[in-house]
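Enquirer: Pasting the sequence and the predicted model now:
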Amino acid sequence: MGRGRITGLAVSDVRFPTSLAHHGSDAMHPDPDYSAAYVVLETDAPDGLKGYGLTFTLGKGTEVVVCAVNALAVHVVNKDLDEIIGDFRGFYRQLTSDGQLRWIGPEKGAVHLATAAVLNAIWDLWAKQDRKPLWKLLVDMDPKQLLSCIDFRYITDALTEEEAYTMLQNGLVGKSEREEQMLKYGYPAYTTSCAWLGYPDQQLKQLCSEALKDGWTRFKVKVGADLQDDIRRCKLVREMIGPENIMMLDANQRWDVEEAIEWVNKLAEFRPLWIEEPTSPDDILGHATISKALAPLGIGVATGEQCHNRVIFKQFLQAQALNFVQVDSCRLGSVNENLSVLLMAKKFQVPVCPHAGGVGLCELVQHLIIFDYISVSGSLQNRMCEYVDHLHEHFKYPVVIKNASYMPPQNIFIQYHHESCCQQLIRPSKRDFFNLKGPGWNPVRSALCFTTLLSGWDYCVLLSSILVPSILDCAICLPLPTELKDKVSSSTGHRNLYIFQ
Ligand SMILES: C[C@H](O)[C@@H](O)CC(=O)C(=O)O
Ligand SMILES: [Mg+2]
């Protein structure tokens, strides 16, 4: 029996007000609202099978990506899944080389983010129909079929399909032992959740202390806005984690090239393993200059979360401009394009340490990096996957972290979205409401907040009663306090902030 047909595509603009608690804040994104353009593909399968995919955004602009997803729908709806999977490279090109849409790309920007969300949902369907988690679908896949999903256009001067095939064949040696190892110990991770730039020192110290108790040994610290603040916070973290544990820095594209070199030299005393995104993600030669200048200090350069396609990564690798490849599972053209970057990184012998600072990114990228270890890199040396501790409760199969490692998902599904979860995704949990409090919240203020909903309010947040939390789940419409309203509207950029549908 065939895999059926895609009969419908729905896309939601889902936002979480993480900026109000400074979660995810950095030197260039002080107020991120972790958000997603969330795609649901319906099929004519008798069991009503659906595919779920997302791409990650920071709030404003999600509506643009949603429009782009709808613009791509013409290539997706009424398509036969067997045809897609049977020529996945061709389907990838249909989405990325639409004769008109490519003009607002190509393979970058909102259309490429939208392509990622749609293709992630296709991979979700494939994994579900084969009743395997995505990592296992990829590990078990015949190398020729795996390569048939990749568009090698523009990268054959760095990696040919034949070279990639040889790599995958070589990767068969020791594969089952590495799979056993992953099932037993998981994939090593590092945490960014202790040291977002907007966190006060007290919160940073408390989170570091908790993370150390939980077994974390690798910590990423946000830097780049103020040198003295960076020195103070890096000193604090290094003192908390001790000389043996690993620290990384992340400047989120804040500096010019020379400025980056000078600034990192002044933070070298804290012995960071890498400086992440020291300058523009478009400046490949700039990264090469920084990498060369910092090499004598033993500080590597990492980048990738805003590198929009395989061609950029190809040039970073060819120019020896980075020491750590940080693929973003939802920015590149889904699994298809991520595979090409994993294979190029292997060829250039540069470790992949994926980006995962965003809603849903951990849930997806764990599959890619576990596959990478088992079937491509075969090494854990200088390799680790980012973990951030935000919003996992909204996923039907949230990531499982044990001893600071990603445990391979065992469920048959791709583990990151399910319809009931979709409702949750659209509906922040009480925890998100409490996050809405931001610093200085107290029960008195929440009590003052209680008023009946006046019609015409632009902003409201439906939430269960916070007087008797988790018992009375009656939804009470509440107006947001003015200062919160201003902050939220400034972060969302449009007047009608509604978090529910
Ligand atoms: C705005 C995002 O939270 C960003 O700071 C994440 C990031 O750079 C990372 O996780 O690395
Ligand atoms: Mg980063």
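Expert: Yep, it's here. Model, not experiment: these values are computed from the prediction. Ligands and ions are numbered 1, 2, ... in the order given.
Enquirer: Residue 102 and ligand 1, how far apart?
Expert: Residue 102 sits 27 Å away from ligand 1, going by CB to the nearest ligand atom, to the nearest Å. C-betas here are computed from N, CA, C, even on glycine.
Enquirer: pLDDT score for the residue of the chain found nearest ligand 2?
Expert: Minimum separation of the chain from ligand 2 (CB to the ion) falls at residue 250, amounting to 4.4 Å. Residue 250 is assigned 98 on the pLDDT scale.
Enquirer: Please apply the same query to residue 331.
Expert: pLDDT, residue 331: 98.
Enquirer: What count of nearby residues applies to the spatially closest residue to the residue of the chain closest to ligand 2 that is not a sequence neighbour?
Expert: Nearest in space to residue 250, with sequence neighbours left out and distances taken as CB to CB, 6 or more residues apart in numbering, is residue 276 at 3.9 Å. As a burial measure, residue 276 scores 31 neighbours (other CB atoms under 10 Å).
Enquirer: hang on, the earlier thing: now the phi/psi pair for the residue of the chain closest to ligand 2, please.
Expert: phi -140, psi 120 (degrees, to the nearest 10).
Enquirer: next one: residue 254
Expert: The phi/psi pair for residue 254 (degrees, to the nearest 10) reads phi -70, psi -30.
Enquirer: Please name the residues that touch the residue lying closest to residue 171 once chain neighbours are set aside.
Expert: Sequence neighbours aside, residue 375 is the residue nearest to residue 171 in space, at 4.7 Å (criterion: CB to CB, 6+ apart). The contact partners of residue 375, by CB atoms under 8 Å, 6 or more residues apart in numbering, come to 138, 139, 168, 171, 175.
Enquirer: Any figure for the gap between residue 375 and residue 72?
Expert: For residue 375, the distance to residue 72 (CB to CB, to the nearest Å) stands at 29 Å.
Enquirer: about what we covered before: nearest to ligand 1, out of the contacts of residue 375: which one, please.
Expert: Ranked by distance to ligand 1 (CB to the nearest ligand atom), the contacts of residue 375 are led by residue 138 at 23.6 Å.
Enquirer: ok, the closest one - contacts?
Expert: 146, 335, 339, 367, 368, 371, 375.
Enquirer: which one of those is nearest residue 224?
Expert: When the contacts of residue 138 are ranked by distance to residue 224 (CB to CB), residue 368 comes first, at 27.4 Å.
Enquirer: Mind telling me what element that closest one is part of?
Expert: Residue 368 is located in helix 361-371, with elements delineated by DSSP states H and E.
Enquirer: distance between that helix and the chain's centre?
Expert: Remark: helix 361-371 is offset 9 Å from the chain centroid, using CA atoms, centre = their mean, to the nearest Å.
Enquirer: That helix - what's its average pLDDT?
Expert: The pLDDT scores in helix 361-371 average 96.
Enquirer: list the helices and strands that helix packs on?
Expert: The contact analysis (3 or more CB pairs under 8 Å, 6 or more residues apart in numbering; DSSP states H and E) places helix 361-371 against helix 134-140, strand 187-191, helix 334-347, strand 385-387, strand 405-406.
Enquirer: now with 6 Å?
Expert: If contacts are counted by 3 or more CB pairs under 6 Å, 6 or more residues apart in numbering; DSSP states H and E, helix 361-371 sits against helix 134-140.
Enquirer: Which of the residues in the helix it packs on are classified as buried?
Expert: Residues 134, 135, 136, 137, 138, 139 are the ones in helix 134-140 that count as buried (16 or more other CB atoms under 10 Å).
Enquirer: ok so, going back, and the residue of the chain closest to ligand 2, what is it in contact with?
Expert: Shown in contact with residue 250 (CB atoms under 6 Å, 6 or more residues apart in numbering): 220, 222, 276.
Enquirer: how does it look with 7 Å?
Expert: For residue 250, the contact set (CB atoms under 7 Å, 6 or more residues apart in numbering) comprises 26, 220, 222, 223, 276, 277.
Enquirer: which bits of the stretch 251-400 of the chain sit near ligand 1?
Expert: 252, 305, 355, 357, 386 (CB under 6 Å from any ligand atom).
Enquirer: Nearest to residue 261, out of the contacts of residue 375: which one, please.
Expert: residue 171 (37.1 Å).
Enquirer: I figured the closest one was touching residue 376, is that so?
Expert: Yes - here residue 171 lies in contact with residue 376, judged by CB atoms under 7 Å, at a distance of 5.7 Å.
Enquirer: So which residues on the stretch 251-400 of the chain come close to ligand 2?
Expert: When proximity is defined as CB under 5 Å from the ion, the stretch 251-400 of the chain approaches ligand 2 at 276, 305.
Enquirer: Let's see that with 6 Å instead.
Expert: By CB under 6 Å from the ion, the residues of the stretch 251-400 of the chain that approach ligand 2 are 252, 276, 277, 305, 355, 357.
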